[in-house]
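Enquirer: got a sequence here, can you model it:
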Amino acid sequence: MTIQVELSPETEALLAAQAAARSMDVPTYAATLLEKAAHPAALESKDRATEPKRRRPPGRKSLAQLFAESPFRGLDLEFERDRDLGRDIEL
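Expert: Take a look at the predicted model:
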């Protein structure tokens with residue numbers, strides 16, 4: 001399929017710079033972007049399948065487990081900190 005797209009000079013320059021950074025010509029790079037946009041869910045699931053799964057070391061709890069099993073749970077503690085007023089700057 002052939003598609004003709006009108007771009008502003010700024011967008012064209014940005015697209016050319018991104019294509020050059022990937023050692024691609026502009027039409028090939030633009031086609032790659034369109035293919036990715038047409039199949040976002042398929043590409044995401046493919047990328048996730050190739051990514052290594054992060055595993056928690058044995059004996060370490062998730063953040064949710066840590067909060068759920070906290071000895072401070074239910075004590076209605078209120079934690080406040082001093083407001084950061086920044087540093088004085090001489091102009």
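
Enquirer: check which helix or strand residue 41 maps to.
Expert: helix 40-50 (DSSP states H and E).

Enquirer: kindly apply the preceding question to residue 29 instead.
Expert: Residue-wise, residue 29 maps onto helix 26-38 under DSSP H and E.

Enquirer: buried residues in that helix?
Expert: Within helix 26-38, the residues that count as buried by 16 or more other CB atoms under 10 Å are 29, 30. (Each C-beta comes from the backbone N, C-alpha and C, glycine too.)

Enquirer: what helices or strands is that helix leaning on?
Expert: helix 9-21 (3 or more CB pairs under 8 Å, 6 or more residues apart in numbering; DSSP states H and E).

Enquirer: from residue 41, how far out is residue 2?
Expert: 26 Å (CB to CB, to the nearest Å).

Enquirer: more neighbours: these two, which one.
Expert: Taking other CB atoms under 10 Å, residue 2 and residue 41 do not tie; residue 41 has more neighbours (7 against 3).

Enquirer: pLDDT weak spots in the protein?
Expert: Within the chain, the stretches with pLDDT under 70 are 42-53.

Enquirer: ok, now how distant is residue 11 from residue 18?
Expert: According to CB to CB, residue 11 stands 11 Å off from residue 18.

Enquirer: more neighbours, these two?
Expert: Neighbours per residue (other CB under 10 Å) separate residue 11 from residue 18, with residue 18 holding more: 14 against 11.

Enquirer: ok, the closest residue to the more buried one other than its chain neighbours to residue 62 distance?
Expert: Leaving out its chain neighbours, the residue that sits closest to residue 18 by CB to CB, 6 or more residues apart in numbering is residue 29, at 6.6 Å. According to CB to CB, residue 29 stands 40 Å off from residue 62.
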